[in-house]
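Enquirer: what follows is a predicted protein model with its sequence.
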Amino acid sequence: MSYASCIPVMIVMTVLMVQVNVGMAQGCNPLQLMPCLSFIMSNTAPAADSQCCNVLHGQNSCLCSYVKNPGYGPYLRMPGAKTVASACSITIPDPSTCT
């Protein structure tokens, strides 16, 4: 992915992540998932001990609220998100099973 094509993606992600979602559990901060964005967008697997996997494990209890959020959910349904989740030994929940 070229630098020029990353800029619009980063702008969109920043705008979406700045929005406050009152329904998210305390401690949930989707901005912490930024180290995973390039892996998701390029559909590449990070190393299991990467910063991406570390923050993903830390935000694991928040994934239901993220996947149900119309701003974040589409990114978590991308093929790259499944690649990242698998590499990090995390399961991205199905929104229909989240309570």
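Expert: The structure has been received and is ready for your questions. Numbers count the residues shown, from 1 in each chain.
Enquirer: number of residues surrounding Lys82?
Expert: Per other Cβ atoms under 10 Å, the neighbour tally for Lys82 reads 15. Where C-beta positions appear, they are placed from N, C-alpha and C, glycine not excepted.
Enquirer: mind listing what it touches?
Expert: Listed by Cβ atoms under 8 Å, 6 or more residues apart in numbering, the contact set of Lys82 reads Ile92.
Enquirer: the chain should start at 34 in everything you say after this.
Expert: Happy to do that; since the first residue is 34 now, the last one works out to Lys115.
Enquirer: now do the phi/psi pair for it.
Expert: The phi/psi pair for Lys115 (degrees, to the nearest 10) reads phi -70, psi -40.
Enquirer: let's see the pLDDT reported for it.
Expert: Lys115 is assigned 95 on the pLDDT scale.
Enquirer: and it, how far from Asp127?
Expert: 12 Å (Cβ to Cβ, to the nearest Å).
Enquirer: same check, this time on Ala114
Expert: 13 Å.
Enquirer: more crowded one of the two?
Expert: Remark: of Ala114 and Asp127, Ala114 carries more neighbours, 23 against 10, as counted by other Cβ under 10 Å.
Enquirer: tell me which element that one is part of?
Expert: According to DSSP states H and E, Ala114 maps onto helix 112-120.
Enquirer: wait, doesn't Leu96 sit right on Cys121?
Expert: No - at 11.4 Å, Leu96 and Cys121 do not qualify as touching, with contact defined as Cβ atoms under 8 Å.
Enquirer: neighbour-wise, which of the two wins?
Expert: Neighbours per residue, other Cβ under 10 Å: of Leu96 and Cys121, the larger number sits with Cys121, 23 against 20.
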